[in-house]
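Trainee: Sequence first, then the predicted structure:
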Amino acid sequence: MKQFLTAIIILSILGCQEDQKGYSLSGELKNVEDGKMIYVSELDQNMQPSKIDSVQIKKGEFKLDMAEVEHPNLSFLSVEGSNGNVIFISENEPIHFEIYKDSLPTSKVAGGKENEVFYTYLDHLKGLNKQVMEIRTEMREIMTSTRDTAAIAQLQQQEVELRTKDMTFKKNLVQEHPDRFVSVLVLTDMMNMGAPANEVNELYESLPENATKSSLAKSLAENLSKRSKVALGSKAPEFSAPNPEGEQISLKDSMGKVTLIDFWAAWCKPCRVENPNIVKTYTKYHDKGFNIIGVSLDREGQKDKWIQAIKDDNLTWPQVSNLKFWQDPVAQLYGVQAIPAQFILDENGIIVAKNLRGDALDAKVKELLEK
């Protein structure tokens, strides 16, 4: 009888342990009426937030017991009637929130090793963005007043140095926390910011197997594979797409002694700001063999805005677009996830440079034409 009772107790304990699998979300909110909903979303296989659970706020608090996650994932908490999200990493640990309904992104998150590293990373990004904005504000003030080119060049160099330090920070974080989901996020950011694909790929391959099983990790691996096809020294992939008149224009037919593939869009302000520099370089070197083909990432139903932007910015070289926004097949072929993005090809169609702006673009085109 005693053995039977002992077995029952053991099974009961094991059963309780199984019930405790998963993780919990809890938190406090001030000045939020009871009955408002808390929504929890996570990044799905299409890299989009998808709602997975919800709970009502009671007495300024909430609690949710969540199912066990096989792998950590980027997740989002939102409040009915409030703008924005609280970003966190779902992991099988209790996670607690102190939520500010009027400023959700500044809410506090505690709990879990992943979130500890994640918020260290977010704090770094906030500090970096603040410094960059200060530099750019000072640059704008100089450009509208003294137009001191030496001072502007010094500020530009300061921003370059900040970006270099940022990349070093990111590499170190990945190397110090290779088994964390956050490292996949950091590598994705590095790739999107234009870090060399071979450097990102080397870091990715150093991650343990358990860190590469999430949807985000698989998406990163797929994009790195695409990037390797458009790495420096690679032959530029051939493509064709319709111009504003609906005629198919190919890269092959647009080639010159030096060719620029320019990914842009009418809605992209940085692209529109850079366009005068590209026009200047094109005007200067087109007769010597410099050609451009523009690839627009404008949306379906906004062809008129694309055509108007071509006219307004005086873009006289061939322009193509599938009007599919970020799903544009040419952009996907070239692994483009941020614009403006440029690929410079030599006369053999080999990619020799990327993402050069202003004077740097002019200097590279001149160098290649003089070879």
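Mentor: Good, I have the coordinates.

Trainee: now the strands: where do they sit in the stretch 1-150 of the chain?
Mentor: Assigned by DSSP state E, counting those that start in this stretch, the strands in the stretch 1-150 of the chain fall at 23-29, 37-43, 49-56, 61-66, 73-79, 86-90, 95-99, 108-110.

Trainee: Now the fourth one - C-alpha only, CSV.
Mentor: The C-alpha trace of strand 61-66 is given here as CSV (Å, rounded to 0.1, in the frame of the first residue of the first chain):
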residue,chain,number,x,y,z
GLU,A,61,-2.6,44.3,-13.8
PHE,A,62,-2.6,41.3,-16.2
LYS,A,63,-1.2,37.8,-16.2
LEU,A,64,-1.0,35.2,-19.0
ASP,A,65,0.3,31.6,-18.9
MET,A,66,1.8,30.9,-22.2
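
Trainee: after the host helix or strand of residue 172 comes which helix or strand?
Mentor: Per DSSP states H and E, residue 172 falls inside helix 149-176. Remark: after helix 149-176, the chain's next helix or strand is helix 181-192, criterion DSSP H and E.

Trainee: Where do the helices of the stretch 151-300 of the chain begin and end?
Mentor: Under the criterion DSSP state H, counting those that start in this stretch, the stretch 151-300 of the chain contains helices at 181-192, 197-205, 215-229, 251-254, 269-285.

Trainee: and those, which is most packed in?
Mentor: Counting by mean count of other CB atoms under 10 Å, helix 181-192 has the highest mean neighbour count of the helices of the stretch 151-300 of the chain, with a mean of 22. (Glycine included, C-beta is placed from N, CA and C.)

Trainee: report the angle between the axes of that helix and helix 197-205?
Mentor: With axes from the mean of the first three to the mean of the last three CA atoms, to 10 degrees as the basis, helix 181-192 and helix 197-205 are set at 170 degrees to each other.

Trainee: other SSEs contacting helix 181-192?
Mentor: In terms of contacts (3 or more CB pairs under 8 Å, 6 or more residues apart in numbering; DSSP states H and E), helix 181-192 is packed against strand 73-79, helix 113-143, helix 149-176, helix 197-205, helix 215-229.

Trainee: just the ones you listed: most buried one?
Mentor: strand 73-79 (a mean of 21).

Trainee: Could you list the alpha-carbon positions for that strand in CSV?
Mentor: What follows is strand 73-79 as a C-alpha-only set of coordinates in CSV (Å, rounded to 0.1, in the frame of the first residue of the first chain):
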residue,chain,number,x,y,z
ASN,A,73,11.2,34.3,-30.7
LEU,A,74,10.7,38.0,-31.2
SER,A,75,7.4,38.9,-29.6
PHE,A,76,5.2,42.0,-29.2
LEU,A,77,2.8,43.1,-26.5
SER,A,78,0.2,45.8,-27.3
VAL,A,79,-2.5,47.5,-25.3
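
Trainee: if we can go back for a sec, could you dump the strands of the stretch 1-150 of the chain into a markdown table and include distance to residue 353?
Mentor: Formatted as a markdown table, the strands of the stretch 1-150 of the chain follow (distance: least, CB to CB, whole Å):
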| stretch | distance to residue 353 |
| --- | --- |
| strand 23-29 | 47 |
| strand 37-43 | 33 |
| strand 49-56 | 36 |
| strand 61-66 | 47 |
| strand 73-79 | 33 |
| strand 86-90 | 35 |
| strand 95-99 | 45 |
| strand 108-110 | 41 |
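
Trainee: Would you mind checking which of the helices of the stretch 151-300 of the chain scores lowest on average pLDDT?
Mentor: Lowest mean pLDDT of the helices of the stretch 151-300 of the chain: helix 215-229, a mean of 86.

Trainee: picking up where we left off before, could you give the mean pLDDT of the helix holding residue 172?
Mentor: Regarding helix 149-176, the rounded mean pLDDT is 92.

Trainee: which strands and helices sit next to that helix?
Mentor: Packing partners of helix 149-176 (3+ CB pairs under 8 Å, 6+ apart): helix 113-143, helix 181-192, helix 197-205.

Trainee: what about this protein, any weak spots by pLDDT?
Mentor: Applying pLDDT under 70 to the chain flags residues 1-20.

Trainee: can we see that at 80?
Mentor: Applying pLDDT under 80 to the chain flags the ranges 1-21, 31, 45-47, 194, 197.

Trainee: Grab the most central residue of it for me.
Mentor: residue 192 (4.7 Å; CA atoms, centre = their mean).

Trainee: Show the contacting residues for that one.
Mentor: Listed by CB atoms under 8 Å, 6 or more residues apart in numbering, the contact set of residue 192 reads 337-338.

Trainee: do you know how far it is from residue 362?
Mentor: Counting by CB to CB, to the nearest Å, the gap from residue 192 to residue 362 is 26 Å.

Trainee: how close does residue 282 get to residue 318?
Mentor: To residue 318, residue 282 is 11 Å away according to CB to CB.

Trainee: what's the answer for residue 120, then?
Mentor: Per CB to CB, residue 120 is found 47 Å from residue 318.

Trainee: Repeat that for residue 118.
Mentor: For residue 118, the distance to residue 318 equals 44 Å [CB to CB].

Trainee: what does residue 150 give?
Mentor: 38 Å.

Trainee: Then residue 47?
Mentor: 31 Å.

Trainee: which of the two has more neighbours?
Mentor: Here residue 47 and residue 318 are compared on neighbour count by other CB atoms under 10 Å; more neighbours surround residue 318, at 18 against 11.

Trainee: Identify the residues contacting the more buried one.
Mentor: Counting by CB under 8 Å, 6+ apart, the residues that residue 318 touches are 243, 249, 254, 292-294.
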